[in-house]
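1. Below are the sequence and a predicted model; questions follow.
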Amino acid sequence: MIDQVNYITQKGYDKQEKKLEHLVTVKRRKISKSLEFAVSLGDLGENAEYKAAKEEQALNEIRIAELSKQLSSVRIINSKDIVADGSICFSSTVKIRDLKSGETFEYTLVSEIEADIDEGLISVNSPVGKGLLGCKENEIVKIKVPAGIMKFEILKVS
């Protein structure tokens, strides 16, 4: 099976690289110290600290493997690589207004790897991301989301 290429911005790539570095260096060291302490308590069969540290170690190694695999299959996209015709595309920042609630939102469309709703980064593969792709400023768009159909006005695209 061939892995698919995931597109990512340079900023997103740098952030994921820092996460990986933290897991490999800081987190591994912390877990190692927890294991040393737990072993010093003796009787590993009945040692809750040891079991917890081993579980944390396993989860950390899984996360390291996942993140390493993701980063090995990315292609960094620069804004120069994207044809700008005013349509919403990967790495576009959009300001939209929910026509039902009147709330406005600003999102940047990114890959699944770097998506973080708390930072206003949504995946181009999310329902809203997919629904916005190809649209332009001042359009009204209907997007099917798990909760139903939402209508947005696209206020700004940059």
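-> Looks like it arrived, so ask away.
2. So in this protein, which helix runs the longest?
-> helix 48-72 (DSSP state H).
3. so what does that one touch, helix or strand wise?
-> For helix 48-72, the packing partners by 3 or more CB pairs under 8 Å, 6 or more residues apart in numbering; DSSP states H and E come out as helix 10-22, helix 28-40. For the C-beta atoms, the positions are set from N, CA and C on the backbone; glycine is no exception.
4. could you redo the last one with a cut-off of 6 Å?
-> helix 28-40 (3 or more CB pairs under 6 Å, 6 or more residues apart in numbering; DSSP states H and E).
5. So what angle separates the directions of the helix it packs on and helix 10-22?
-> With axes from the mean of the first three to the mean of the last three CA atoms, to 10 degrees defining the directions, helix 28-40 sits at 20 degrees from helix 10-22.
6. Quick one: name whatever helix or strand follows the longest helix of the chain.
-> strand 74-77 (DSSP states H and E).
7. how does the chain divide up, domain by domain?
-> Following automatic domain parsing, the chain resolves into domains at 6-77, 79-157.
8. could you redo those as TSV and give each row mean neighbour count and mean pLDDT?
-> As requested, the domains of the chain are exported to TSV (neighbours: other CB atoms under 10 Å; pLDDT from 0 to 100):
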stretch	mean neighbour count	mean pLDDT
domain 6-77	14	91
domain 79-157	15	90
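9. tell me how far the longest strand seen in the chain is from the chain's mean position?
-> The longest strand of the chain (DSSP state E) is strand 148-157. Centroid displacement of strand 148-157 relative to its chain, using CA atoms, centre = their mean, to the nearest Å, is 22 Å.
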